[in-house]
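> structure for the following, please:
(one chain, ligands or ions: 2)
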Amino acid sequence: MPPAYELLLRQGRLLHSTGTIETVDIAIAAGRIAAIAPHLEAEAQLELDLNGKLISPPFVESHVHLDSALTVGQPRWNESGTLFEGIEIWRERKQDLSLEDVKTRAIETLKQQAMQGVLYVRSHADVSEANLVALQALLEVREAVKDWTTLQVVAFPQDGIYGSPQNERLMETALQMGADVVGGIPHYELTREDGVKSIHRIFELAQQYDRLIDIHCDEIDDDNSRFLEVVAACAIRTGMGSRVTASHTTAFGSYNNAYAYKLLGFLRRTQMNFIANPLINITLQGRTDTYPKRRGLTRVKELWQQGTNVSLGHDCVQDCWYSLGTGNMLDVAFMLVHVAQMTGRAEIDACYDMITWHGAKTLNLSEQYGIEVGKPANLIVLDASDRYDAIRRRATVRYVISRGKLLASTETPTLDWKLGKI
Ligand code: 17E
Ligand code: FE2
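Ligands and ions are numbered 1, 2, ... in the order given. Sure thing, here's the model as predicted:
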């Protein structure tokens with residue numbers, strides 16, 4: 001009798017982290033990958049004939065704000081398109097947050113993401129909000145969705161740790177409540193000194209509570225915004241390295257090269273992670289420029305070329321900072337190819353890695369991520385032949401398998417030519 005599995009994937013093309021692709025059958029049992037081989041003599045409750053479709057580990061959304069997702073237009077549209085008008089609109093909207101409101105929108109967004117292949121998400125929760133409703137809601141959501149997706153929650157002080165007298169205390173309370181990651185926003189603290197002080201406080205809290213760090217850092221076109229060097233120094237001195245992430249760092253795109261190249265060397269030493277949010281960076285930044293108009297993206301290509309870990313985020317799905325978006329990470333990678341001019345063949349492939357393996361590294365997922373015998377059976381099947389094809393067509397994710405179960409399936413739209421032969 002051949003072994004009976006719960007799920008068998010037949011003849012898919014398995015994408016390895018090295019970029020090589022191998023045609024295999026994959027057997028799944030008890031929520032884990034049970035076997036991988038060119039041909040498996042086996043039976044299963046459910047068999048999917050993949051016919052050469054691409055099998056990839058799930059997408060990783062490294063940076064999103066689920067607390068503000070799906071609020072676009074509430075109470076008004078962001079007409080200037082700037083980060084700072086967005087922060088003001090959110091300040092108004094967050095006055096009427098309730099647990100139900102945040103949870104409903106967050107779960108809806110996580111479902112949309114999951115159906116498009118995203119099974120690991122790091123979300124910021126604004127903790128400069130008197131009752132910590134956003135944080136409490138996202139912690140409850142983390143628990144509510146844990147059977148099908150993995151959510152990390154960052155305690156993010158949107159209005160600055162020292163922007164109001166109570167914010168520092170709220171930040172610490174958020175960690176006591178169970179936030180996974182300590183956040184920050186040094187470029188939005190009232191002074192440069194407060195910004196530096198906030199970074200030291202973030203590292204202190206992360207060490208005291210044993211948490212990861214993910215700082216919104218230098219999200220501005222100001223070439224004098226240089227908090228990244230302070231984060232790098234703290235990462236080197238504490239040895240926290242790969243547990244530290246700098247998000248956005250858009251000012252890095254405006255620094256002069258002499259400074260930027262010195263900094264790149266320091267950053268390589270840190271082993272820290274970077275997150276670019278190309279959809280948001282290209283729309284929010286450059287707003288005070290006339291022409292030439294800057295792209296407002298961090299130096300993704302140079303960081304990648306020197307082996308520094310870079311992953312990507314959608315940042316927003318329909319909120320006061322970004323009215324568009326469906327949560328599809330292939331849209332993010334597609335935009336990065338353009339904005340970072342990563343159009344070389346290996347560069348396009350790298351953009352795919354940034355929404356998969358590199359994201360897993362940023363989130364410190366390590367052991368559980370990847371398609372290998374014994375690991376949790378989390379994988380996606382794309383209607384694509386390889387990484388380049390997946391990004392070019394922003395390919396349909398045909399099947400999403402989470403914890404060994406088929407979570408979602410989507411048909412690829414077919415195009416019908418009606419005029420006959422030409
Ligand atoms: N808050 C912030 O400071 N920066 C952003 N890009 C978003 C929220 C979306
Ligand atoms: Fe953000």
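> which bits of the stretch 1-150 of the chain sit near ligand 1?
65, 83 (Cβ under 6 Å from any ligand atom). Every C-beta, even on glycine, is put in place using the N, C-alpha and C of the backbone.
> which stretches of the stretch 1-150 of the chain form strands?
4-15, 21-29, 32-37, 43-49, 54-56, 59-64, 118-126, 150-156 (DSSP state E, counting those that start in this stretch).
> which of the ones you listed sits closest to residue 396?
Closest approach to residue 396 among those (Cβ to Cβ): strand 54-56, 11.0 Å.
> what pairs with the closest one, parallel or antiparallel?
Partners of strand 54-56 in the sheet, by DSSP bridges, are strand 4-15 (parallel), strand 379-382 (antiparallel).
> out of these, deepest packed?
For the strands paired with strand 54-56, the largest average neighbour count (mean count of other Cβ atoms under 10 Å) is found in strand 379-382, namely a mean of 25.
> any idea how far that strand is from the chain center?
Its chain's C-alpha centre and that of strand 379-382 lie 18 Å apart, by Cα atoms, centre = their mean, to the nearest Å.
> and stretch 380-393, by the same measure?
In terms of Cα atoms, centre = their mean, the centre of stretch 380-393 is found 19 Å from the chain centre.
> what angle separates the strand or helix carrying residue 399 from strand 32-37?
Following DSSP states H and E, one finds residue 399 within strand 397-402. Between strand 397-402 and strand 32-37, the angle comes out at 130 degrees (axes from the mean of the first three to the mean of the last three Cα atoms, to 10 degrees).
> show me what strand 397-402 is packed against.
Helices and strands touching strand 397-402, by 3 or more Cβ pairs under 8 Å, 6 or more residues apart in numbering; DSSP states H and E, are helix 99-115, strand 379-382, strand 405-409.
> by how many degrees do the last one and strand 118-126 diverge?
Here strand 405-409 points in a direction 80 degrees away from that of strand 118-126 (the same axes, to 10 degrees).
> other SSEs contacting strand 405-409?
Against strand 405-409 (3+ Cβ pairs under 8 Å, 6+ apart) you get helix 99-115, strand 397-402.
> pick the most deeply packed of the ones you listed.
Greatest average neighbour count among those goes to strand 397-402 (a mean of 24), per mean count of other Cβ under 10 Å.
> can you list contacts of that strand?
7, 9, 28, 48, 53, 58, 114-117, 119, 148-149, 377-383, 406-412 (Cβ atoms under 8 Å, 6 or more residues apart in numbering).
> 7 Å - rerun?
The contact list for strand 397-402 (Cβ atoms under 7 Å, 6 or more residues apart in numbering) reads 48, 53, 114-117, 119, 148-149, 377-383, 406-410, 412.
> how about the nearest residue to the closest residue to ligand 1 within the chain, chain neighbours excluded?
As assessed by Cβ to the nearest ligand atom, ligand 1 sits closest to residue 321 within the chain, at 4.0 Å. In space, and not counting its chain neighbours, residue 321 is closest to residue 86: 4.0 Å by Cβ to Cβ, 6 or more residues apart in numbering.
> below-threshold pLDDT in the stretch 51-200 of the chain: ranges please.
Applying pLDDT under 70 to the stretch 51-200 of the chain flags no residue at all.
> buried residues in stretch 268-277?
If you call a residue buried by 16 or more other Cβ atoms under 10 Å, then stretch 268-277 has these buried ones: 270-277.
> farthest-apart pair in these, please.
Greatest spacing in the buried residues of stretch 268-277, by Cβ to Cβ: 271 and 277 (21.5 Å).
> re earlier: filter the contacts of strand 397-402 down to the buried ones, PyMOL style.
Buried residues within the contacts of strand 397-402, by 16+ other Cβ under 10 Å, are selected in PyMOL with:
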select buried, resi 48+53+114+115+116+117+119+148+149+377+378+379+380+381+382+383+407+408
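> does the residue nearest to residue 321 touch residue 322 like I think?
No. With contact defined as Cβ atoms under 7 Å, residue 86 does not reach residue 322; the gap is 8.4 Å.
> all strands for the stretch 201-350 of the chain, in order.
Applying DSSP E, counting those that start in this stretch to the stretch 201-350 of the chain gives strands spanning 212-217, 244-248, 273-276, 309-312.
> columns mean pLDDT and distance to ligand 1 on top of those, output as CSV?
Listed next are the strands of the stretch 201-350 of the chain as CSV, based on pLDDT from 0 to 100; distance: least, Cβ to the nearest ligand atom, whole Å:
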stretch, mean pLDDT, distance to ligand 1
strand 212-217, 98, 5
strand 244-248, 98, 6
strand 273-276, 99, 11
strand 309-312, 98, 13
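> put together a markdown table for those strands, with distance to residue 43 on each row.
Shown next, in a markdown table, are these (distance: least, Cβ to Cβ, whole Å):
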| stretch | distance to residue 43 |
| --- | --- |
| strand 212-217 | 43 |
| strand 244-248 | 44 |
| strand 273-276 | 43 |
| strand 309-312 | 39 |
